[in-house]
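In: Based on what follows, work out the 3D shape:
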Amino acid sequence: MAVAGLSLAVIVETYRLFSLTSPTIVALTLLLYILVLAARWGLRFAIVASLAAAACLNFFFLPPTGTFTISDRRNWVALFAFWVAAIIASQLSNRIQTEAQQAKSRERELEMLFELSRALLQTDKVTELLEAIPRYISSATHATAVVLYVDRGTQLFHTENVGPEDLQTVDPRAAMHLTEVRTSVNGGWTILPVRTGMKPRGVLLIRDIPASKETCESVARLVSIGIDRAEALEAAARSEAAKESERLRMVLLDSITHELRTPLTAIKASASALLSADHVSAENQQEMLTVIDEECDRLNGLIAQAVQMGQLEASVMHMDFSACPVPELIQQAVQAGAFSLAEHHLQVTGMEECPPVLVDRTWIERAIANLLINAAKYSPPGSTIWVRAESAGQDVTVSVTDEGPGVDPAEREMLFERFYRGQRFRGRIPGTGMGLAICRAVVTAHHGTIRVENQPGRGAKFTMTLPMA
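Out: Numbering: from 1, shown residues only. Down below sits the predicted model:
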């Protein structure tokens, strides 16, 4: 107020020194002075200043000067017009300033709601979201304390600075049935009911939230929408998982049934022939018993694959890591796939130069054996299968290359999916589509990689990387 009075005195004294100054110029200068006051300190200061300015204009600049009387009627009109213009201009300036402040406040509240909505989208799990909502609201609104009560097993979540005594000032179970935002007398809480449609689902208790009632209601609606979204996503994920599990179960049953029928038919035919024939030559007996033995081995392999796939699906695969020499792993894998490799030539190179690898011996032997059996299955009899091991930085690569038709580039990644088989070989070459899926799961569990590529002049080359011991 003192600054406003001093400014008015400076203006009046300055113009008094110039006796030729027109009252119109003085009036315009005082009007500008009043507008500055209105923009700076508001309407009340501007009204007081306009009265003081009108009095100074009358006393010092309107004839007769030195008195508050006015001899010319036109000066009365000018003085009145000055005072009215000052009041109206002050009101307009104050309104503009108020609206600007309201716009800034709305902008801050919109930014607050945007930040909160973005935070609520960061997780799709209901439990994690409920635990994080008080922290999100406190960060977005700068509230000093936030409590969330959810009527979902009577769960209560709050920020770290909320103590047991704070929770005794408001009953959340009763507050969640309110229909509008309210302020609690005890504790200074702003109570925000969280509703889904007309159904109450919880309540938010926020202390010292710098927002309007409408914004508080929007905060509650955002929280409700965020919880609904997370619950819907979890329900959709469970439904999709159930459908996928059922689909895989049916595919597995169909595949296993088809693959089991062939060896069982051969075993049944050979056993029936041995039982029904009165006299079977020793050579025929040996041949039939060999068929039974081979088909039993095949059945055993199919069942072993099914068990391994089940272990991988259930995440119960147990690993015992140890330093294993690469030659021993490949040798054991070759022995495991000896039946399938009987009609092929095997060339193994690079093993002597490889350092040991840190792996689970049993599972890696199975993975390499699956690659060898897969190469033999899709290669013509009498062809060569190359096995090469070599060190590559901190890893060791083991590759299996065949002389088959190769893989379709569009199916490279799908070949490692469960139960997937190349379209060119479905119905022509028996298989369950589990071998390569088991390989990828085993190699991934060892923090390695597996890939396939076509070799010019040969066939497909499968390469796995294993960690060096």
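In: helices or strands next to whichever strand or helix holds residue 140 in the packing?
Out: Element membership for residue 140, per DSSP states H and E: helix 126-141. Here helix 126-141 is seen to pack against helix 73-120, strand 145-150, strand 155-158, strand 199-207, helix 213-276 when contacts are counted using 3 or more C-beta pairs under 8 Å, 6 or more residues apart in numbering; DSSP states H and E. Yep, even glycine has a C-beta here, placed from its N, CA and C like the rest.
In: Would you enumerate the residues in contact with the nearest residue to residue 130 once chain neighbours are set aside?
Out: Sequence neighbours aside, residue 157 is the residue nearest to residue 130 in space, at 5.5 Å (criterion: C-beta to C-beta, 6 or more residues apart in numbering). Shown in contact with residue 157 (C-beta atoms under 8 Å, 6 or more residues apart in numbering): 130-131, 133-134, 147-150.
In: From residue 266, how far off is residue 37?
Out: Distance from residue 37 to residue 266, counting by C-beta to C-beta, to the nearest Å: 106 Å.
In: One more: residue 400?
Out: When residue 400 is compared with residue 266 (using C-beta to C-beta), they lie 28 Å apart.
In: Look at residue 451 and tell me its secondary structure.
Out: Using DSSP: H, G, I helix; E, B strand; the rest coil, the structure places residue 451 in strand.
In: Look up how far residue 374 lies from it.
Out: In this structure, residue 451 and residue 374 are separated by 14 Å, where distance is defined by C-beta to C-beta.
In: Between those two, which has more neighbouring residues?
Out: Between residue 451 and residue 374, counted using other C-beta atoms under 10 Å, residue 374 has the larger neighbour count: 23 against 15.
In: list the buried ones in the host helix or strand of that one?
Out: Under the assignment given by DSSP H and E, the secondary-structure element containing residue 374 is helix 361-377. Of the residues in helix 361-377, those buried by neighbour count under the rule 16 or more other C-beta atoms under 10 Å are 361, 363-376.
In: again, but for stretch 228-241
Out: Within stretch 228-241, the residues that count as buried by 16+ other C-beta under 10 Å are residue 230.
In: Residues touching that stretch, excluding its own?
Out: Contacts with stretch 228-241, where a contact means C-beta under 8 Å, 6+ apart, come from 120-121, 123-126, 129, 196.
In: Could you list the low-pLDDT ranges of the stretch 151-300 of the chain?
Out: Counting by pLDDT under 70, the stretch 151-300 of the chain contains low-confidence ranges at 153-154, 185, 244-245, 247-262, 277-278, 298.
In: and with 80 instead?
Out: For the stretch 151-300 of the chain, the stretches with pLDDT under 80 are 152-155, 163-169, 184-188, 197-198, 241-285, 287-288, 290-291, 293-295, 297-300.
In: cool, and the stretch 1-150 of the chain?
Out: 1-102.
In: cutoff 50 now
Out: Within the stretch 1-150 of the chain, the set of residues satisfying pLDDT under 50 is empty.
In: what are the bridge partners for residue 387, then?
Out: Taking DSSP bridges, one finds residue 348, residue 400 as the beta-bridge partners of residue 387.
In: Okay then, goodbye and thanks.
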